[in-house]
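Enquirer: sequence and predicted structure are below.
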Amino acid sequence: MRRKTQLVLAITFMVTALVCSFSYIYISQILRQQVGRALDSATYLDSQIAYFADKAVVPDLSSTKVDTSNPVKVRRAIADYLATNLDLNTMLASVVGDWPMIYDAAIVDINGVAILDSNREMVGKAVPDRPDFQVVHDAKFRQQLRLVYNPPTIYDVRVPLQLNGLPFGSIRLGISTTFFRAETTQRLRHAVIFSSLSILISLVLAAGLSNIALGPLERISKSLDSVTAGDSEPVIEEDPGQDEYGLVTLKIAHLGRQMRDAKEIFSALKDNVDQIMGNLQDGLMLFTRDSRVVLVSASVERFLGRPRAELLGRTVKEVFRPDSSLGALVLDGFQHKHSIAQHEVESASGKMVQVSLDFIQERGSLIGALLTLRDAESVRKIQDEIEISRQMSISGRTTRGVAHEVKNPINAIVLHLQLLQNKLQEIDPDTRRHMNIIDSEIHRLDRVVQILVDFTRPRDLHPEETDLRKLVEEVIMLATPDAEQHGVSVVRALGAEPLGVKVDIDLMKQAILNVVLNGVQAMPKGGALTISTRREEDGVVAEIRDQGAGIPHELQEKIFELYFTTKKGGSGIGLAQTYQALQWHYGSIDFETIEGQGTTFRLRLPAVDVPAVTNGQVAVKA
């Protein structure tokens, strides 16, 4: 037997076996769906009957001769009522009449006696115990066939019945296999006919198609050599005198065309990437594992002062010079294979540049690196715009507080003006008192508005580099007299490490003093006020911890609002000013509080490098 014939027979047998398997699965799924649909329908009908039985209006047994304290008699009375309920009787009859596969329906008490039954002769009699239809549903396909097509059997589908929250019995629907077969056989017969035709057609198609597929395929070796040599169109030759493998040769030719199309797509993608790289504001340089440049964005020319074409293909040592700050930083990163995160250096053009270097790895192996150059001035401009938006939001929040404060004086002025108008024509000693009240309220209103104007007016900052510890020491000196008057001792924990900040010294001193004085006033019976400073990542922190009563939970969201105060005679502007000052310096303020134990405020500021001072001398680092 020829090899071709063997292959045709093998393929035909395999396809036929697959079609037979799928047909078997298809027929079994149809039967399973029919069984499942019957079970779901019966369960649904059971639930509906149980629902109507539970919702049936049961008469008030307290007005009858039934002993309501006897559960047995109460249950019997309810059963008698259900047995005479016209709606339930009608529903049971309609279930049997409308659903062909349902043989009978009954409401059975806990003793198995039929309270209601579609068969009137069974009412009051014990209902025979029948197998559960779930057995048919859970059976395998062959067993389902035997159960359905064996001698007729009636299976039960049961749902427990509860009345007044107590078990009362069950709802039972009988499914007859005779009725079920009548509903199912037609569909199964169609499925068997369809599967038989599918098997027959698959036999013919498999034999024919496999014969065609294994037809003339020739010159495979030559075509493959042509493709591997880089030719996009392999040579296709025909030799009618031998077995041909034309389809394989055609597929090889198709593969060659795909390779040509892939080259064209790659070229188009490269052009798109070049266009994207030309529009990027940040400078991007992609390096291979041997540190050669393979991709450059147009913005790199601004940072390095060299055209893109000149950079491609060069190594990192040929692009960057070690005598410049930027070059030294990048070369050091490549030499030691360590990443650089947002480091700011001066470029050859004198501009400040943010440099990021990330090494790309795959499965633990280095495959390249990505260098990002960003204009630091542009970044700061964006940050300033964001900060202005934040300050405008703060101003809006403070304005809401002012509205409330302005309303009360105005109301008082209007009221007393009305009283004054009524008394001006009379000689009344109270007239002078009303005039004084008006004068006082007008001045109070003027102070409120003036504070608002001062708070929202942009301020010209005069930042200077200083040590945060020194700033805090000066604040402690200012706050010490008030602390001693309240019996508060100030505990310092400023550390030995210089904490450089660049701030408006007077404004920041006032901001810290506001928090310190709040802490002192929070301890009217005395206590310890702990002031500490420390470095935290790329910033510094000043922490003020008191031992007062803490801030109630309902007030915590309001403490930074202008004019909000809980102290008698307080102005409500101290913490708002501190919050504003920290925002102006790109810092932040937050707090933690425990009622009854105290509050801790943390003031965070960006850190800068300042020379350390020891005994009045500047310590220069080696």
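Expert: Arrived safely.

Enquirer: next up, the contacts around Asp132.
Expert: Listed by CB atoms under 8 Å, 6 or more residues apart in numbering, the contact set of Asp132 reads 155-158. (Each C-beta comes from the backbone N, C-alpha and C, glycine too.)

Enquirer: what backbone torsions are found at Phe168?
Expert: phi -120, psi -30 (degrees, to the nearest 10).

Enquirer: equivalent analysis for Val127, please.
Expert: Dihedral angles (degrees, to the nearest 10) for Val127: phi -80, psi 130.

Enquirer: any idea how far Ser202 is from it?
Expert: 51 Å (CB to CB, to the nearest Å).

Enquirer: ok, these two, which is more surrounded?
Expert: Val127 (22 against 19; other CB atoms under 10 Å).

Enquirer: my read: the more buried one touches Ile107, true?
Expert: No. Look at Val127 against Ile107 with CB atoms under 8 Å: they stay out of range, at 9.8 Å.

Enquirer: so for the two, which residues contact both of them?
Expert: 114, 117, 172.

Enquirer: count of neighbours near the nearest residue to Ile559 once chain neighbours are set aside?
Expert: By the measure of CB to CB, 6 or more residues apart in numbering, the closest residue to Ile559 outside its immediate chain neighbours is Leu575, 5.6 Å from it. By other CB under 10 Å, 22 other residues sit near Leu575.

Enquirer: which stretch of helix or strand covers Leu575?
Expert: Element membership for Leu575 (DSSP states H and E) is helix 574-584.

Enquirer: how about residues contacting the helix or strand just after that helix?
Expert: Per DSSP H and E, the first helix or strand lying C-terminal to helix 574-584 is strand 588-594. For strand 588-594, contacts defined as CB under 8 Å, 6+ apart pick out 515, 550-551, 556, 559-560, 578-579, 582, 599-604.

Enquirer: what segments of the stretch 251-400 of the chain are helices?
Expert: 300-304, 308-311, 316-319, 325-336, 376-423 (DSSP state H, counting those that start in this stretch).

Enquirer: lowest-confidence stretch among those helices?
Expert: Note on the helices of the stretch 251-400 of the chain: helix 376-423 shows the lowest mean pLDDT, a mean of 62.

Enquirer: quickly list what the closest residue in space to Ala376 that isn't next to it in sequence is bridged to.
Expert: Excluding the flanking residues, the one nearest Ala376 by CB to CB, 6+ apart is Met352, at 3.9 Å. Under DSSP bridges, the beta-bridge partners of Met352 are Glu346.

Enquirer: so Met352 makes contact with His343?
Expert: No. At 10.9 Å, Met352 and His343 do not qualify as touching, with contact defined as CB under 8 Å.

Enquirer: ok so, going back, which ones among the shared contacts of Val127 and Ile107 map onto strands?
Expert: The members of the shared contacts of Val127 and Ile107 that map onto strands under DSSP state E are 114, 117, 172.

Enquirer: now, among the residues you listed, which is nearest to Val136?
Expert: Closest approach to Val136 among those (CB to CB): Arg172, at 15.8 Å.

Enquirer: list the buried ones in stretch 17-24?
Expert: 19, 23 (16 or more other CB atoms under 10 Å).

Enquirer: typed the wrong thing, it's stretch 362-369
Expert: In stretch 362-369, counting by 16+ other CB under 10 Å, buried: 368-369.

Enquirer: ok, back up a step: how about the contacts of Asp132 in CSV, adding neighbour count and distance to Asp358?
Expert: What follows is the contacts of Asp132, written out as CSV (neighbours: other CB atoms under 10 Å; distance: CB to CB, whole Å):
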residue, neighbour count, distance to Asp358
Tyr155, 23, 69
Asp156, 23, 70
Val157, 24, 66
Arg158, 18, 67
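
Enquirer: ok, so of these, who is nearest Ala207?
Expert: Tyr155 (45.8 Å).

Enquirer: dump the residue contacts of the closest residue in space to that closest one that isn't next to it in sequence.
Expert: Excluding the flanking residues, the one nearest Tyr155 by CB to CB, 6+ apart is Phe133, at 3.8 Å. Phe133 sits next to 38-39, 42, 155-157, 175 when contact means CB under 8 Å, 6+ apart.

Enquirer: report the two of the residues you listed separated the most.
Expert: Greatest spatial distance in the contacts of Phe133: Ala38 and Asp156, 12.5 Å, computed using CB to CB.

Enquirer: wait, a helix at Ile25?
Expert: Yes. Secondary structure of Ile25 (DSSP: H, G, I helix; E, B strand; the rest coil): part of a helix.

Enquirer: now do it, the pLDDT please.
Expert: 87.

Enquirer: ok so, going back, which among the contacts of strand 588-594 count as buried?
Expert: Buried among the contacts of strand 588-594 (16+ other CB under 10 Å): 515, 550-551, 559-560, 578-579, 582, 599-604.

Enquirer: which one of these is nearest Leu494?
Expert: Leu603 (13.7 Å).

Enquirer: circling back to that earlier point, list the contacts of the residue nearest to Ile559.
Expert: Counted by CB under 8 Å, 6+ apart, Leu575 has contacts 514-515, 518, 559-560.

Enquirer: which of the contacts of Phe133 sits closest to Val541?
Expert: Closest approach between those and Val541, by CB to CB: Leu39, at 68.4 Å.

Enquirer: does the residue nearest to the closest one when sequence neighbours are not counted belong to a helix or a strand, and which?
Expert: With sequence-adjacent residues excluded and distances taken as CB to CB, 6+ apart, Leu39 is closest to His137, at 5.0 Å. Per DSSP H and E, His137 falls inside helix 134-138.

Enquirer: and after that helix, which helix or strand comes next?
Expert: helix 141-149.

Enquirer: buried residues in that next one?
Expert: Across helix 141-149, burial judged by 16+ other CB under 10 Å covers 144, 147-148.

Enquirer: go on, stretch 99-115?
Expert: By 16+ other CB under 10 Å, the buried positions in stretch 99-115 come out as 99, 101-109, 113-115.

Enquirer: mind saving the C-alpha coords of it as PDB?
Expert: Taking Å, rounded to 0.1, in the frame of the first residue of the first chain, the C-alpha atoms of stretch 99-115 are listed here in PDB:
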ATOM      1  CA  TRP A  99     -47.000  20.900  31.400                       C
ATOM      2  CA  PRO A 100     -47.000  17.700  29.400                       C
ATOM      3  CA  MET A 101     -44.200  16.000  31.300                       C
ATOM      4  CA  ILE A 102     -45.900  16.500  34.700                       C
ATOM      5  CA  TYR A 103     -47.800  13.400  35.800                       C
ATOM      6  CA  ASP A 104     -49.300  14.700  39.000                       C
ATOM      7  CA  ALA A 105     -48.800  17.500  41.700                       C
ATOM      8  CA  ALA A 106     -49.500  17.300  45.400                       C
ATOM      9  CA  ILE A 107     -49.100  19.200  48.700                       C
ATOM     10  CA  VAL A 108     -48.000  16.600  51.300                       C
ATOM     11  CA  ASP A 109     -47.800  17.100  55.100                       C
ATOM     12  CA  ILE A 110     -44.800  16.000  57.200                       C
ATOM     13  CA  ASN A 111     -46.400  12.600  57.600                       C
ATOM     14  CA  GLY A 112     -46.500  12.000  53.900                       C
ATOM     15  CA  VAL A 113     -50.300  12.400  53.600                       C
ATOM     16  CA  ALA A 114     -51.700  14.400  50.600                       C
ATOM     17  CA  ILE A 115     -53.400  17.600  51.700                       C
END
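
Enquirer: quick one, what contacts Ile544?
Expert: 512, 515-516, 519, 529-531, 600-601, 603.

Enquirer: direction included, what does the strand or helix carrying it pair against?
Expert: If you go by DSSP H and E, Ile544 is part of strand 539-545. With DSSP bridges as the test, strand 539-545 is paired with strand 527-536 (antiparallel), strand 598-606 (antiparallel).

Enquirer: among the buried residues of helix 141-149, which one lies nearest to Met259?
Expert: Nearest to Met259 among those, with distances taken as CB to CB, is Gln144, at 54.2 Å.

Enquirer: can you tell me the closest non-neighbouring residue to Val95?
Expert: Nearest non-adjacent residue to Val95 (CB to CB, 6+ apart): Ala105, at 4.8 Å.
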